[in-house]
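J.: Predicted coordinates and the sequence they were generated for:
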Amino acid sequence: MSTTNRQILLASRPTGEPGTDNFKLVSTPVPTVADGQVLVRNHYLSLDPYMRGRMNEGKSYATPQPLGEVMIGGTVGEVVESRNAHFAVGDKVVGMGGWQEYQLVDANQRGVLQKVDTTHVPLSAYLGAVGMPGVTGWYGLVKIIDPKPGETVVVSAASGAVGGAVGQLAKVRGARAVGIAGGADKCRYVVEELGFDACIDYKQHGDVKSLSAALKGECPDGIDGYFENVGGMILDAVMHRANPFSRVAMCGMIAGYNGEPIPMSAPQLILVNRMKIEGFIVSEHMAVWPEALKELGTLVATGKLKYRESVAQGLDSAPEAFLGLLKGRNFGKQLVKLI
């Protein structure tokens, strides 16, 4: 086992678009394990859009990432030293280990570290399809959109870890799933591998009118549910095709993560169509996680829920991979392999 723990800290807060200079790579000694504690060697780090919001100092749903501290992030790994009766060396675990190679955990704190079974589900999947992104998709679809058989559900960022799960879960429930993604390759993947009924390449549409027309073509009966990851022009186009009593799960607004305003062109449609629009943060709904993870785990283990991973190699690659994620360069779930 190495005696050095490499970490990436938030060095400064970005103004507008973030850059690699906002991060700092440091080396520290691997911490000593005390009674009740567990030392985890992280194998994979999850990179997610929410991290961009945490880099800001302004008001949000969560406390800003402190400067000079390890960047927040979900991790999966292996227990390499334990002084806690509930965890043994070799246990595979998931937690919020952050952007670092080793994580020291007070394992007496309930829920901080969870053991996972890798017999039928790969370890990395616990950061994606059977982890926070999968549960995020499950909650927005099942608890907010609640699709009925025959209804149409539209999903933005459909090739990503969250969006891909939403469409497949909608299909399981008998709904029609239409994705929106950037580029022909991503759209092909969404339809041919994930099983969506259709996918629209937003890069082929320069304005709301054009994108709305494409949505009309793929959603001839209108849109009953929309899972929102992006905002901006895509949300406007969906609003113009929304049915009466349609439901919108507001998960992310990546179009405004660098502080840009996100005006809505026709908010009156919320009233005209008697729409339900609900924002949610999945960590505030821990009571449903067991139900969600049971379905997601079963679907992945039986090959009925497909997913793809973009894997950057080594902790050093995390900042560039994260910046690429914010620009849509990833294909599926963005991970960093740490070992």
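T.: Done, it's in. Residues are numbered from 1 along each chain as shown.
J.: show me where the stretch 151-300 of the chain has strands.
T.: 152-156, 176-181, 198-201, 223-228, 242-250, 276-279 (DSSP state E, counting those that start in this stretch).
J.: Adjacent strands (with direction) for the second one?
T.: Think strand 176-181. Using DSSP bridges, strand 176-181 pairs in its sheet with strand 152-156 (parallel), strand 198-201 (parallel).
J.: With the last one instead?
T.: Here strand 276-279 is paired, per DSSP bridges, with strand 242-250 (parallel).
J.: So which bits of the strand it pairs with are buried?
T.: For strand 242-250, burial by neighbour count (16 or more other C-beta atoms under 10 Å) applies to 242-243, 246-250. All C-beta spots, glycine's among them, are computed from the backbone N, C-alpha and C.
J.: Rounded mean pLDDT for stretch 14-21, please.
T.: For stretch 14-21, mean pLDDT rounds to 93.
J.: roughly how far is stretch 268-278 from the heart of the chain?
T.: Stretch 268-278 sits 26 Å away from the centroid of its parent chain (C-alpha atoms, centre = their mean, to the nearest Å).
J.: For it, output the C-alpha coordinates as CSV.
T.: What follows is stretch 268-278, C-alpha atoms only, in CSV (Å, rounded to 0.1, in the frame of the first residue of the first chain):
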residue,chain,number,x,y,z
GLN,A,268,-47.7,31.2,-19.9
LEU,A,269,-47.8,27.6,-21.2
ILE,A,270,-47.4,26.4,-17.6
LEU,A,271,-50.9,27.9,-17.0
VAL,A,272,-52.4,27.2,-20.3
ASN,A,273,-51.5,23.5,-20.1
ARG,A,274,-52.0,23.2,-16.4
MET,A,275,-48.4,21.8,-16.1
LYS,A,276,-46.8,20.4,-13.0
ILE,A,277,-43.1,21.5,-12.8
GLU,A,278,-41.1,20.2,-9.9
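J.: Confidence-wise, which helix or strand of this protein is lowest on average?
T.: helix 50-54 (a mean of 91; mean pLDDT, DSSP states H and E).
J.: following that helix, which helix or strand shows up next?
T.: Per DSSP states H and E, the first helix or strand lying C-terminal to helix 50-54 is strand 75-82.
J.: Could you check the pLDDT of the residue nearest to A321 when sequence neighbours are not counted?
T.: In this structure, A321 finds its nearest non-sequential neighbour in A312, 3.8 Å apart by C-beta to C-beta, 6 or more residues apart in numbering. pLDDT recorded at A312 is 98.
J.: Also K59?
T.: If you check K59, the pLDDT there is 69.
J.: picking that back up, any idea which of the strands of the stretch 151-300 of the chain is most buried?
T.: strand 152-156 (a mean of 30; mean count of other C-beta atoms under 10 Å).
J.: Give the rounded mean pLDDT of it.
T.: 98.
J.: That strand relative to strand 223-228, how many degrees between them?
T.: Angle, strand 152-156 to strand 223-228, by axes from the mean of the first three to the mean of the last three C-alpha atoms, to 10 degrees: 20 degrees.
J.: before we move on, the earlier item: please name whichever of the strands paired with strand 176-181 is nearest to I339.
T.: Of all those, strand 152-156 sits nearest to I339, with 32.8 Å by C-beta to C-beta.
J.: what's the domain layout of the protein?
T.: 4-128+308-337, 132-283 (automatic domain parsing).
J.: related to what we said a few turns ago, check which residues of the least confident helix or strand of the chain are buried.
T.: For helix 50-54, by 16+ other C-beta under 10 Å, it's 50-54.
J.: Looking at those residues, spot the one nearest G163.
T.: Y50 (14.6 Å).
J.: show me the contacts for the closest one.
T.: Taking C-beta atoms under 8 Å, 6 or more residues apart in numbering as the criterion, Y50 is in contact with 62, 252.
J.: how much space between it and I72?
T.: Y50 sits 9 Å away from I72, going by C-beta to C-beta, to the nearest Å.
J.: Neighbours of the nearest residue to G164 once chain neighbours are set aside, how many?
T.: In this structure, G164 finds its nearest non-sequential neighbour in L194, 5.3 Å apart by C-beta to C-beta, 6+ apart. Look at L194: counted by other C-beta atoms under 10 Å, it has 25 neighbours.
J.: Need the per-residue pLDDT for L194.
T.: 97.
J.: mind checking how far it is from R41?
T.: 32 Å.
J.: now the strands for the stretch 1-150 of the chain?
T.: Using DSSP E, counting those that start in this stretch, strands in the stretch 1-150 of the chain cover 4-10, 23-29, 37-46, 75-82, 92-95, 102-106, 113-115.
J.: and those, which is most packed in?
T.: strand 37-46 (a mean of 24).
J.: other SSEs contacting that strand?
T.: strand 75-82, strand 92-95, strand 102-106, strand 333-337 (3 or more C-beta pairs under 8 Å, 6 or more residues apart in numbering; DSSP states H and E).
J.: how about the residue located most distally from the centre of the chain, phi and psi?
T.: In terms of distance from the mean C-alpha position of the chain, D35 ranks first, at 34.2 Å (C-alpha atoms, centre = their mean). Here is the backbone geometry of D35 (degrees, to the nearest 10): phi -60, psi 130.
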